[in-house]
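Peer 1: predicted coordinates and the sequence they were generated for:
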Amino acid sequence: MFIMRKVNVREAVGLILGQDLTKIVPGEFKGVKFKKGYIIKEEDIDELLKMGKEYVYIAEMDEPYVHENDGASVLASAISGEGIELTNPAEGKVNLIASFSGVLKINLDALNEMNSIGDLMVSTLHRNTFVEKGKKVASAKIIPLIISEEKIGKIKETEEKHGKIIEIKPISKKNVGILITGNEVFYKRIEDRFAPVLKQKMEYWGCPIVDLQYSPDDIDVISSRINEIIANGAEILIVTGGMAVDPDDVTMASIAKAGCEIESYGSPVLPGAVFLVAYKDNIPVIGLPACGMYHKATVFDILFPRFLAGERVTRKDIVELAHGGLCMECNECHYPICPFGKA
């Protein structure tokens, strides 16, 4: 149990201060000189006496304990995996910083279990989001001034059980192929609006476009060009158009005929319901619906960083996007600084 004990200041060296101590110098200074949780040092005694403090209140527990800063260091180390740097502890808190850009991965079950221990907290950004190098992705804090060694033991047990809770998966610049389908674009009846959008997105991610082709709504032609673009070095293939359910929408059938394994058709995300993920061996083939031309952010933007991180996106991954998958349709889009696609 946490207790406060009154101690003569001359006997307080090495003990934990249980109160803020204010220093006042008229006309010069008024404020906290020693903060609650501070470990008193020999050189502090004269200053405390000058402040009129013959006695101070010390924070103790009636069982073995660890100071908040030491506990925060243990906690932060226990949860931090690849791609995480730690700040120095201060006031019982350590921040977790991304040491490189990538996709933030969090073990939610382990996070909940860690936060159930008591007298501590771990707060994070949303999992599966792209974070840039230097971004604060989580904070680990010991809530009281001191924490029991028993709870420190539970922190370590949780780490042993689950492994590291928070990590960054690095992304890499992959060669991208684009196949734009549709008679109206192929025969130049309308202007292609997909290619400029995708070129801009690939430029942002630093991904070179190794092949850009057009195809009419013909299953044989589309399937042939899928395989041709992959043969030309595409590590990710984006196929646009013909993803709906009209009789003349043949893109999904063409992807299947090209020998791709369809992982998922449809997503619980708006915009992006008519979205397809397939694989030709280990190469992602992404079926992108028309919403990708008009909306700044769709299901494609949520998932694309995970493809760059080398993940094999599954049907289960897509189903889990339902929570947070509804765009708020703001007058001005601020994605990714919004709840869209975050759970």
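Peer 2: Right, received. Where do you want to start? Numbering: from 1, shown residues only.

Peer 1: is the residue positioned nearest the centre of the chain in a helix, a strand, or coil?
Peer 2: Taking Cα atoms, centre = their mean as the criterion, Leu104 is the residue nearest the geometric centre of the chain, at 3.1 Å. Here Leu104 is recorded as strand under DSSP: H, G, I helix; E, B strand; the rest coil.

Peer 1: for it, give its distance to Lys296.
Peer 2: Distance, Leu104 to Lys296, by Cβ to Cβ, to the nearest Å: 21 Å. The C-beta positions use only the backbone N, C-alpha and C, and glycine is treated the same way.

Peer 1: point out where the chain drops to low pLDDT.
Peer 2: In the predicted model, the chain carries pLDDT under 70 at residues 1-2, 61-63, 245, 247.

Peer 1: quick one on the thing from earlier: wait, the residue nearest to the centre of the chain sits on Leu125?
Peer 2: Yes. Between Leu104 and Leu125 there is a contact at 6.0 Å, judged by Cβ atoms under 8 Å.

Peer 1: what is in contact with those two at once?
Peer 2: Contact criterion Cβ atoms under 8 Å, 6 or more residues apart in numbering; residues shared by Leu104 and Leu125: 131, 137.

Peer 1: mind listing the helices for the chain?
Peer 2: Taking DSSP state H as the criterion, the chain contains helices spanning 45-50, 68-79, 108-115, 149-162, 183-186, 194-205, 219-231, 251-257, 291-294, 299-308, 315-319.

Peer 1: what sits up against the fifth one?
Peer 2: The one in question is helix 183-186. Contacts to helix 183-186, defined as Cβ under 8 Å, 6+ apart, come from residues 189-192, 194, 214-217, 241.

Peer 1: can you list the domain ranges for this structure.
Peer 2: With automatic domain parsing as the criterion, the domains of the chain are listed as 2-61, 65-169, 176-322.

Peer 1: with distance to Glu332 as extra columns, can I get those in CSV?
Peer 2: Output for these, formatted as CSV (distance: least, Cβ to Cβ, whole Å):
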stretch, distance to Glu332
domain 2-61, 42
domain 65-169, 20
domain 176-322, 10
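
Peer 1: okay, buried residues for stretch 177-184 please.
Peer 2: 177-182 (16 or more other Cβ atoms under 10 Å).

Peer 1: these in strands, which ones?
Peer 2: 177-181 (DSSP state E).

Peer 1: and those as a markdown table, adding distance to Asp20?
Peer 2: Listed next are these as a markdown table, based on distance: Cβ to Cβ, whole Å:
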| residue | distance to Asp20 |
| --- | --- |
| Gly177 | 62 |
| Ile178 | 61 |
| Leu179 | 65 |
| Ile180 | 65 |
| Thr181 | 68 |
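
Peer 1: and these, which is closest to Lys23?
Peer 2: Ile178 (66.3 Å; Cβ to Cβ).

Peer 1: contact partners for the residue nearest to Lys174 when sequence neighbours are not counted?
Peer 2: Of all residues not flanking Lys174 in the chain, Glu235 sits nearest, at 4.2 Å (Cβ to Cβ, 6 or more residues apart in numbering). Glu235 makes contact with 174-176, 283, according to Cβ under 8 Å, 6+ apart.

Peer 1: run the last query once more with 10 Å
Peer 2: Glu235 makes contact with 172-177, 207-208, 210, 282-284, 307-308, 310 under the criterion Cβ atoms under 10 Å, 6 or more residues apart in numbering.

Peer 1: what's the farthest-apart pair in those residues?
Peer 2: Most distant of those, by Cβ to Cβ, are Pro208 and Asn282, 19.1 Å apart.
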